[in-house]
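Below are the sequence and a predicted model; questions follow.
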Amino acid sequence: MSLSALSHLECSRTGERYDADAVQGVSAAGMPLLARYDIERAARTLTREALVARPATLWRYREMLPVRDPTAVVSLGEGMTPLLPLPRYGARIGVPDLLMKDEGLTPTGTFKARGAAVGVSRAAELGVEGVAMPTNGNAGAAWAVYAARAGLTCLIAMPVAAPAITRTECVAAGAELYLVDGLIGDAGRLIAAAVRERTGYQEVSTLREPYRLEGKKTMGYEIVEQLGWQVPDVILYPAGGGVGLIGIHKALREMQELGWIGERLPRLVAVQAAGCAPIVRAFEAGAEVSEPFPDPATAAFGITVPKALGDFLVLRAVRETGGTAVAVTDEALLAEQRTLARDEGTFICPEGAACLAAARDLRESGFIGAGERVVVLNTGTGLKYPETIPVDVPTLAPGQNVRW
């Protein structure tokens, strides 16, 4: 029996329909394809009450995910990450009801595991033999791991400046890895050329296949379920390619169709680094799409995306929910990373720390009210970015005494 109520794929720009049971990339218009579901069918078995008895993984929402055959699911236990209150830090910045969705506890240490789990599962189900992608590091590491678990080959290209641990993860999982002296766009051109020459490979770059988005949207389902089927007032998300924010918005709309939530949606905030903020610039200019950001550079390497294919979807999600797009400096986000660790004992990635810096700024500007419930997304563990915390401490010789 099929798990999924998947009905078809839809061009995000034109609405043109595509067969969901064939391997697909982007639409004829070159736009991302969005998975659509038979909501009436899904609602017969996917109820809030039924979820109580289901395992605490993202696959609990199986009717609204694209994998049809339960035996095709490739999983390492991803999903249902904690929604942590941050009382001490929240009080510090004037947001007492501040919570953090901590994706650092997923199997590969970042939220990329969600997209990889669903994307790889569906690719394998459709007969794909190998996956290929450019990456800023963490997505490649996650897809390499899940591809290995599924028995697929994996081709990865990443900038030489990507976090070193992500290279190790790719190699450990047996992926074919290339480092590029450039940015993610340069890695993308390498992968596109490779896929043209190799048979059996699917390019799974950001939003160039439909199902990574479906894995990431489960963050939205989980946040609402963990809040007792209530929506927060604000959700802040670090947007590079922006798939997670697009996915959360998609999940919220689907939950409205399922009758799980009402008309009010959280205000979605796209957070970028000042050193690479194309979506912020487009939002401020009132534009529908962004322009490539010149000379991008930031310590939050995962959001160093000069031009996102789905930028118009990010901007649409932000505007439809009354949200905003903001940029923060590296100095600010690195300071918040350290402050949070000291206040709450959690070491988060610089991309997640950007959301904290943004929350501080938005509280000061009045966009966030003192009594509002605010959720920040931490997209990965700080352990992947050890260089962001300088360690300058005394080294003692054996037997050396310290005058305390």
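Cool, got the structure. Numbering: from 1, shown residues only.

For the residue most central in space within the chain, which residues are in contact?
The centroid of the chain falls nearest to Gly244 when counting by CA atoms, centre = their mean (3.8 Å). Contacts for Gly244 (CB atoms under 8 Å, 6 or more residues apart in numbering) come out as Phe111, Lys216, Met219, Tyr237, Leu377, Thr379. Quick note: C-beta positions are derived from backbone N, CA and C, even for glycine.

just Arg264 next, same as before
Taking CB under 8 Å, 6+ apart as the definition, contacts of Arg264 comprise Val231.

from the contacts of Gly244, which is closest to Arg198?
The nearest member of these to Arg198, counting by CB to CB, is Lys216 at 26.7 Å.

Grab the nearest non-local neighbour of the closest one.
Gly247 (3.9 Å; CB to CB, 6 or more residues apart in numbering).

Which of the contacts of Gly244 ranks first by neighbour count?
Ranked by neighbour count (other CB atoms under 10 Å), the contacts of Gly244 have Phe111 at the top, with 35 neighbours.

Next up, the contacts around the residue nearest to it when sequence neighbours are not counted.
Excluding its sequence neighbours, the residue lying closest to Phe111 (CB to CB, 6+ apart) is Glu103, at 3.7 Å. Contact analysis of Glu103 by CB under 8 Å, 6+ apart lists Thr81, Thr110, Phe111, Arg114, Met219, Gly352, Leu377, Asn378, Thr379, Gly380.

Please report how far Glu103 lies from Val391.
25 Å (CB to CB, to the nearest Å).

Check Ala193 too.
41 Å.

the more surrounded of those two?
Counted by other CB under 10 Å, Ala193 and Val391 do not tie: Ala193 has more neighbours, with 10 against 6.

ok so that one is a strand residue?
No - counting by DSSP: H, G, I helix; E, B strand; the rest coil, Ala193 is not part of a strand but helix.

thinking again about what came up before, from the contacts of Gly244, pick the one nearest Gly77.
Nearest member of those to Gly77, counting by CB to CB, is Phe111, at 14.3 Å.

where does the closest one land on pLDDT?
Per-residue confidence at Phe111 stands at 97 (pLDDT).

I'd say it and Lys384 touch.
No - because the distance of 12.0 Å does not satisfy CB atoms under 8 Å, Phe111 is recorded as not touching Lys384.

What segments of this structure are strands?
6-11, 17-18, 33-37, 83-85, 98-102, 130-134, 153-159, 176-180, 201-203, 234-238, 267-273, 324-328, 374-378 (DSSP state E).

elements contacting the shortest one?
Contacts of strand 17-18 with other secondary structure elements, assessed using 3 or more CB pairs under 8 Å, 6 or more residues apart in numbering; DSSP states H and E, are made with strand 6-11.

let's see 10 Å
Counting contacts by 3 or more CB pairs under 10 Å, 6 or more residues apart in numbering; DSSP states H and E, strand 17-18 packs against strand 6-11, strand 33-37.
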